[in-house]
Structures are given as structure tokens and as C-alpha cells.
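# Need coordinates for the below:
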Amino acid sequence: MKTITCSDRIYYDELLPEEAQALRQDILLYHSILHTTYRYLTLKARGIPLPFEESLQKELKRRYHTNDYFPCAAQWEAQHQLKADFENHERWKKSLKPRVKSVEKKIRKTEKEIQRLDKQLAQLKQKTKQGKQTQEDYLEEVQVLRPTRKQLKNQRSQLIFKLNRTQQQLNTANQKMRFTCFGGKKLSR
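Here you go, the predicted structure:
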């Protein structure tokens, strides 16, 4: 069975230089309209009134001196990008709550293990005071119990840091939302 595919792809090297330049200018104009529209929609979502009284589409037409096609398309795309941002933000908040619970569970488990090791060390100390400690007890204390306890205490400290960081992220997520930043790393910084 044969299939035929059609492509709307345009290659700049197949166009005349004037046509390629016109396409580049249209793309730049569209992206500029899109960024402006998105910025105004985020202001509206935050509850800040828009700085103009007419509709957004009319303001974009007036500002960029273009017909209805670019502002309508940019407004549609910006609305959907904003909707996706809201959904991603909610998904992020929902993922942080179970993360906090799992870290708290790991901290409790680590603390129980530390307490168990402390009891064993106390028993060995008691044996030493009574003079009943053997060489195997001493080696177990020095080579196994103390390094394991130190490792678990370090692990607990790291888990506490992770818990604090995750709770801080959750508080930030509850207070404000992250919006899309158009551009590269340099612009987002």
C-alpha cells in the first residue's frame, strides 16, 4: 500500500530573499504579540487591571498595526499557555505534598534505627563497665555500630534539610504561581 504525504514546510533557501525576510518579520511580529498578550493575561490572572480600557485584541491591533489574524491567534495561544501553566502549577503542588510525607516517614525510620543502635551501644558500654566485654564486642562497636550510627545521623541531617526545602517549596507554591518565561536561560535569570 502506498501513502502520499504532503508537507507545508517552507525552506528559506528555496525562497527569494525578499520572501524569506518577510516571513522572518512576520514570525518576529507574531512572537512579539504573543509575549505581550501572555504578559497582559498573567496580569489579569493576578487581579491587576489592564492598563487600557478597550479589549485586548483591539489594543494589540492598535499597538502592532496589524489585522485581526495575528492578535487572535496570539491571544488563543497565550490563553492556552496560561491554562497549561495553571495545570502544571497544580500538578507541582500536588506532587510536593506526598514528597513531604515520604521524607517525614524516612526521618522517623532513620531515628528509630539510631535509637536501636544507641541501645546496643549502651549495652556494650554496660558490658565494659562490668568487665565482661570481649574482643568481638569491641570490634562490633568500633567497626560496625559507631560508623553505622554516624552514617545514619548524617543521613537524618540530609533528610531534615530535604524536608525543610520541600516545605519551603510548598509554601512558595501556595503563595505565588510560576509563569512561563519566554526566551533562554539568560532571560529567565
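# What helix or strand is the nearest residue to residue 137 once chain neighbours are set aside located in?
Nearest-residue entry for residue 137: residue 124, 5.6 Å, with adjacent residues in sequence omitted and distances by CB to CB, 6 or more residues apart in numbering. Just so you know, the C-beta spots here come from the backbone N, C-alpha and C atoms, and that holds for glycine as well. Assessed by DSSP states H and E, residue 124 sits inside helix 69-130.
# I'd like to know which elements that helix is packed against.
Judged by 3 or more CB pairs under 8 Å, 6 or more residues apart in numbering; DSSP states H and E, helix 69-130 is in contact with helix 17-46, helix 56-64, helix 135-140, helix 146-175.
# Please identify which of the ones you listed is closest to residue 181.
helix 17-46 (10.0 Å; CB to CB).
# For that closest one, buried residues please.
30, 33, 34, 36, 37, 38, 40, 41, 42 (16 or more other CB atoms under 10 Å).
# swap in stretch 96-111?
For stretch 96-111, by 16+ other CB under 10 Å, it's 96, 103, 106, 107, 110.
# how close does the fourth one sit to residue 153?
Residue 107 is 12 Å from residue 153, where distance means CB to CB, to the nearest Å.
# coming back round to it: next, the angle helix 17-46 makes with the helix holding residue 124.
60 degrees (axes from the mean of the first three to the mean of the last three CA atoms, to 10 degrees).
# I'd like the average pLDDT over helix 69-130.
For helix 69-130, mean pLDDT is 92.
# so it versus helix 146-175, what angle?
Going by the same axes, to 10 degrees, helix 69-130 makes 150 degrees with helix 146-175.
# Now do helix 69-130 and helix 56-64, the angle between them.
110 degrees.
# circling back: please identify which of the buried residues of helix 17-46 is nearest to residue 145.
For the buried residues of helix 17-46, the nearest to residue 145 is residue 42 (56.6 Å; CB to CB).
# Quick check: the closest one vs residue 8, distance?
31 Å.
# swap in residue 162?
Relative to residue 8, and taking CB to CB, residue 162 is found at 49 Å.
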